[in-house]
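[1] Give me the fold of what follows.
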Amino acid sequence: MKLILLSLILASLAQKKELLTQEFDNGALIIKVINDQPFQILFRVGEVQIEGVIQCHKCKCRSKFSEFTFIGCEIQQGQAHYDLRWNSLVPKSEAFLDEDIMGQYFNLRPDVNRLLQTSLTPSVVDISDMSSRYNMTSDFTIWWKFNNDTNQTFDMVIRWNRSSWLGIGLGPDMSNTDMWIFYQQSSDPKVQVLDAWSVGEQTPMPDQIQSLSVIAYNQTGQGFFIRIRRQLNTQDLQDTTLKPGSQYTWCFAYSGAQTLEMHSDWFKFAMNFSNGIDQQADIFNGGDAQFYAHAIILFISWGVIADIGVFVARFFKNVNGYINIHTLCFLLVDFGTIIIGIIMLTKEYQPGVVEKQPGEVHEILAIILIGLVLLQHIAGVIIKVNIEASVKANKEYVLSMKKFHGISGTIIYLLAKATMLAGFISNKKVVLLILYLIWLLILIIIRIVLEIRRKKLRLIQTKVASSTQKLNHNQFTLINLLTQNTPTADIIKQLPEMDWVILNYDVYDMTGYQHPGGNFIIKSCQGREISRFFYGAYGLENTTMKRHKHSQQAIQSLDSRYIGTLVKQPDIIKEENGANHNHWNKVETLVLSENISQFQYQKDGKQFRLIQNLQDFGQHFTVSFSDFGGKVRMYTKVLSMSSPCVQFRKDIITFYDQFEQGKADRAPVLAQKVTDTLPLIIKRYNYPKALSKQIFESSSPVFIEGPLGRGLELRPDGKNVAFIGGTGILPFMDLLDFLLKYTIHQVILQKNKGLADQLFSQDNQIQSTFGFKLCASFLNEEEFIGKDFIRKMYQINKQHNLHIFDMEIRYSNGKLDSVIPQIKTRFSSQYVQEQSNNADKIYVCGPPTMNYSVLQILESVSVDQSKIVIV
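    Modelled structure (predicted):
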């Protein structure tokens, strides 16, 4: 694009006329004038309608003529107040420069004080009288001498051996300084010279007074020799005053074009403005110093620290405090990005007349990146605060925000990489670009290796190691309380500052651990056996979180937090020597309903005692087809459904009926006190790869471990209520069997104590104030497991006005139960609140949606959370 700076001097017209209007007609300028009067012509955007594309660099007003750019808002008679410039010698509308038209109204003539200085003919440039020389580069040399004249002038010769423009700044920076600009067009051997002043990064503006005089010039090779003269003190405020013998820092710039355009690199050099100087100048790249500073900071930020933060958050969650490491990394990254970005983008940048700058893409990406980084960092702080909070408020919102944070963070990460790439390309840093691409390749390789490692660690390869460590006071107290079967709620009250969980038989101190999903998860699992969550069988009940199978990394995180192992209770399990493996065989299947069956498993040398204590009820087993690493599911211990117990229960009910008829004389006896089979009641789910489906269809051995967990943690007294759904009744099956015997014992005890004691010897485990109400919901009557003896127990309690057991029931198909009263609606807020009033312990066990709904209701009505047990 060719750029010529012209000045418009309005002279007297042949006939003095006053401007009335101006119009554009087919691109030709037509000015209508009237009256013979002296006048002043004013072009004011807003006062005079100007059609076309004209842009004022001062006030940014625009109209239509694309060939022109208004530098100012007015041009006054007698002086060129501002420049009128156009970008090509021949505008699209040639009539605009038509002498026949323009000559009628304007006397267009060059103003020697405003035009670029041009020597009329080339001549020999003499350097023999020069007193000093600086050799800048192989293409650039300057000579100078001080003249002994009254005007106190100096001469300077510039040798420039490039076919491009050259700008010399009489200051340490190309911005806001006195400028000398030289260039030579390929079509014209004349050397153009301009005395100008630079403002910010816009195109330098010509001085009102041109202080440079061209003495001689000569074209040499690709460039030129030129000799200029200037006063040391021009009295022009836009010119730098120079003093012989003084030290200065000057600069120079150029680009690859012959016409003036935005430069990329610029250089500084120390200027000893004295006689007798002849040396190689020490120069350094002023533009590159700034470029390298911001490039290095942003490379360290986004090329190193950001990747550390990403890798830690994705691949090293087992490192305690990884969230703090991630936060610190991106705090440094964001701070560096914002500060450097703002500094680079707010350097008084003005586009000037250059239509497109080399770094435009880079700058646009940088602006977008800064905005996104600010938003991302704010979101990250919010997420971190909520993740570290132990309260459950807004947990669903935080989890969604965390997922969005990860996605947006990936976009910003890739955008930052692209911005650096665009920066190296636009600034033509080939070496840096190559090094950066190599570094990106290294990062990609590291990422691939870590992803492979992460994929392997997603499979549990080893069980949790039980590394020993010295226990502190709280840990020692916790182990003692667990050994003494102290209820979990009481332990939490005694050790309120301690977070702990149980996985299988092992106890872990989770105090201070930062859970990736939020610390409220640790609080929600406080004191619980967490195999159901850890192995991905269930999501956390008081959230809508999806179930998540934890990885080997999670196991490694637990390893350092192990503090002890619960002792397997000898009154429940009997193991002979050599029976330490968990390999079980299916020996019998009993169909209970269309999708529910009871499986009998057997293992050599393993036996279960059938007489259980109150604290044994509600425990569970883990079942898998592999010892570790495969899919694991939890199934409830239901020893009451073993063959000896089922037969004994039938005998007791028969005995009760005979007793009521006055025919009973001998209490039934449990035929065997132990069993070598383990009954598990399992509901079949037919989705692909469901473990229950495999159990139904396969006869292969399974791995079973347990019983696990602290069970129902029943107290001998108090009012208990349970909200259950479907197979959620199974954890209470052994308790219900126990309560049936206790209920019949209490009835017989009123008439025949000796006979009652023969029947049931465990009546001392609960007190007369004990009560248990079951609020149950089933899909249909067929899925009501244990319905025969539970109905019988309900009838006995009502018949004898006992308060040991009560029940209400609901079938989803709308059918009424033949014995037990109906729950008229689902577990509504009113119903849950009514049943929970005055309850000492509240149990919740059912499908995920039911659990979540009931727990939300209990939380909304401010039920004491220590009373709630999620089974």
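
[2] what stretches of the stretch 301-450 of the chain score poorly on pLDDT?
    For the stretch 301-450 of the chain, the stretches with pLDDT under 70 are 318, 320, 341-363, 365, 383-400, 426-428.

[3] What ranges does it have for its helices?
    306-315, 322-345, 360-388, 395-426, 430-457 (DSSP state H, counting those that start in this stretch).

[4] what's the closest of those helices to residue 779?
    With CB to CB, the closest approach to residue 779 among the helices of the stretch 301-450 of the chain belongs to helix 395-426: 27.7 Å. The C-beta positions use only the backbone N, C-alpha and C, and glycine is treated the same way.

[5] Rebuild the helices of the stretch 301-450 of the chain as CSV, extending it with distance to residue 251 and mean neighbour count.
    Shown next, in CSV, are the helices of the stretch 301-450 of the chain (distance: least, CB to CB, whole Å; neighbours: other CB atoms under 10 Å):
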stretch, distance to residue 251, mean neighbour count
helix 306-315, 35, 19
helix 322-345, 19, 18
helix 360-388, 22, 17
helix 395-426, 21, 17
helix 430-457, 23, 13
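
[6] who wins for proximity to residue 803 among those?
    Across these, closest to residue 803 is helix 395-426 (CB to CB), at 38.4 Å.

[7] re earlier: can you redo the helices of the stretch 301-450 of the chain as JSON lines with distance to residue 602?
    Shown next, in JSON lines, are these (distance: least, CB to CB, whole Å):
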{"stretch": "helix 306-315", "distance to residue 602": "43"}
{"stretch": "helix 322-345", "distance to residue 602": "45"}
{"stretch": "helix 360-388", "distance to residue 602": "46"}
{"stretch": "helix 395-426", "distance to residue 602": "43"}
{"stretch": "helix 430-457", "distance to residue 602": "35"}
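
[8] what's the closest of those to residue 817?
    helix 395-426 (36.1 Å).

[9] angle of that closest one against helix 306-315?
    Counting by axes from the mean of the first three to the mean of the last three CA atoms, to 10 degrees, helix 395-426 lies at 150 degrees to helix 306-315.

[10] quick one on the thing from earlier: closest to residue 735 out of the helices of the stretch 301-450 of the chain?
    Going by CB to CB, the one of the helices of the stretch 301-450 of the chain nearest residue 735 is helix 395-426, 31.8 Å.

[11] how far does the closest one sit from the chain's center?
    What separates the centre of helix 395-426 from the centre of its chain is 7 Å, taken as CA atoms, centre = their mean, to the nearest Å.

[12] Of all the helices of the stretch 301-450 of the chain, which one comes closest to residue 146?
    Checking those against residue 146 by CB to CB gives helix 322-345 as the closest, at 39.9 Å.

[13] Can you check what angle separates that closest one from helix 306-315?
    150 degrees.

[14] mind checking which helix or strand of this protein has the lowest mean pLDDT?
    Ranking every helix and strand in the chain by mean pLDDT, DSSP states H and E puts strand 4-6 at the bottom, with a mean of 29.

[15] Now do the helices in the stretch 451-600 of the chain.
    Using DSSP H, counting those that start in this stretch, helices in the stretch 451-600 of the chain cover 473-483, 488-494, 519-524, 531-534, 552-559.

[16] Excluding its own residues, what touches the longest one? List them.
    Read it as helix 473-483. With CB atoms under 8 Å, 6 or more residues apart in numbering as the test, helix 473-483 has contacts from 471, 490-491, 494-495, 497-498, 500, 507, 509, 511, 563-564, 566-567.

[17] For residue 798, state which of the residues you listed is nearest.
    Nearest to residue 798 among these is residue 490, at 34.1 Å by CB to CB.

[18] Next, count neighbours for the residue nearest to that closest one when sequence neighbours are not counted.
    Among residues not flanking residue 490 along the chain, residue 481 sits closest, at 7.7 Å (CB to CB, 6 or more residues apart in numbering). Neighbour count of residue 481, defined by other CB atoms under 10 Å: 16.

[19] Residue 676 now?
    Neighbour number of residue 676 under other CB under 10 Å is 17.

[20] What of residue 699?
    Burial of residue 699 is recorded as 8 neighbouring residues (other CB under 10 Å).

[21] Okay, and it sits in which element?
    With elements taken from DSSP states H and E, nothing contains residue 699; it lies in neither a helix nor a strand.
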